[in-house]
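> Structure for the following, please:
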Amino acid sequence: MAGHSHWAGIKHKKAAVDAKRGKIWSKIAKAIIVAAKTGGGDVNFNGRLRLAVDAAKAAGMPKDNITRAIKRGTGEIGGAAFEEVVYEGYGPGGVAILCDVLTDNRNRTTAEIRKCFDLHGGKLGSAGCVAWMFETKGLFVMDASKVSEEKLMEAALEAGAEDIKREGERYVVTCEPSAFSAVNEALNAADIPCESGEITRLAKDYVDLDAETARKVLKLMEVLDDHDDVQNVSSNFNIPDEVMAELSAS
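Numbering: from 1, shown residues only. Next up, the predicted model:
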């Protein structure tokens, strides 16, 4: 899972820039709209909506924005209708890439995602070509210097976390999607700060990259993640520590 934690760390830094441009709020608002549309506007009876609202709060999204997005989803106020699409493909070095997308124009988005792959050494594939390589999990990443392993284990494991790993300067906590809210609440209650927390796709196996390929893969991942319609990007790459050190130094 080292490759994913590297990407999660990069996304965390990138999110600070995206937040200033309103990109994070825009993406979360779409997730809230779709969740409310499919499961209703009450977070107590709609687990997916609750996760989206939790993400909105973690990103500092104002309460009015959250309420407005829920109302758009339930049809109380008008707005564009969004469709869920999963794009699958291959990046440099043959790594598998999955993009979870919410779009109001599938044809436009498909063309744009295909162009992202083509311009950065990848290839958009057919449905099902790489999805079998992944499983859906809750993922939390936190700075290891800001929490003790004992405190983290006590809070996370009691709330239903499956695994806790130390990866370099970070702890990575994984859980089943159904336990995400409980683990998130337990970490908040224990005052354990998270760099990121999300429901995402984790690869079952990973592909090690050299420095040159890693640069290309990370560039493609960043371009895809920066697309307005893309909610989440997952891949099965792993960047060995010595390669990561080389990238950081360059």
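
> for residue 129, what are its contacts?
88-90 (C-beta atoms under 8 Å, 6 or more residues apart in numbering). All C-beta spots, glycine's among them, are computed from the backbone N, C-alpha and C.

> Flag the shaky bits of the chain, pLDDT-wise.
For the chain, the stretches with pLDDT under 70 are 1-22.

> Could you report the separation of the most far-flung residue of it relative to its centre from residue 45?
When distances are taken from the C-alpha mean of the chain, residue 76 lies farthest, 28.6 Å away, according to C-alpha atoms, centre = their mean. According to C-beta to C-beta, to the nearest Å, residue 76 stands 17 Å off from residue 45.

> where along this structure do the strands fall?
83-90, 96-103, 123-124, 134-143, 163-167, 170-175, 196-203, 207-208, 230-235, 237-238 (DSSP state E).

> Contacts for the second one, please.
Right, strand 96-103. Taking C-beta under 8 Å, 6+ apart as the rule, strand 96-103 contacts 27, 30-31, 34, 82-91, 109, 113, 117, 122, 130-131, 133-134, 201, 203, 220-221, 224, 229-236.

> So which of the contacts of residue 129 is the closest to residue 178?
For these, the closest approach to residue 178 (C-beta to C-beta) belongs to residue 88, at 24.7 Å.

> Now do the same contact list for the closest one.
96-99, 124-131.

> Could you do residue 51 as well?
35, 180-181, 199.

> List buried members of those residues by neighbour count.
35, 180-181, 199 (16 or more other C-beta atoms under 10 Å).

> any chance of those in a markdown table, plus distance to residue 193?
Formatted as a markdown table, the buried ones among the contacts of residue 51 follow (distance: C-beta to C-beta, whole Å):
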| residue | distance to residue 193 |
| --- | --- |
| 35 | 25 |
| 180 | 17 |
| 181 | 18 |
| 199 | 19 |
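
> Mind checking which of these are in helices?
Counting by DSSP state H, the part of those found in helices is 35, 180-181.

> what about the helices in the chain?
Under DSSP H, the chain gives helices at 2-20, 23-39, 47-58, 63-74, 106-119, 149-158, 180-189, 211-226, 241-249.

> quick one: the fifth one to chain centroid distance?
Helix 106-119 has its average C-alpha position 20 Å from the chain's average C-alpha position, going by C-alpha atoms, centre = their mean, to the nearest Å.

> Which residues in it does the neighbour count mark as buried?
For helix 106-119, using 16+ other C-beta under 10 Å, the buried residues are 109, 112-113, 116-117.
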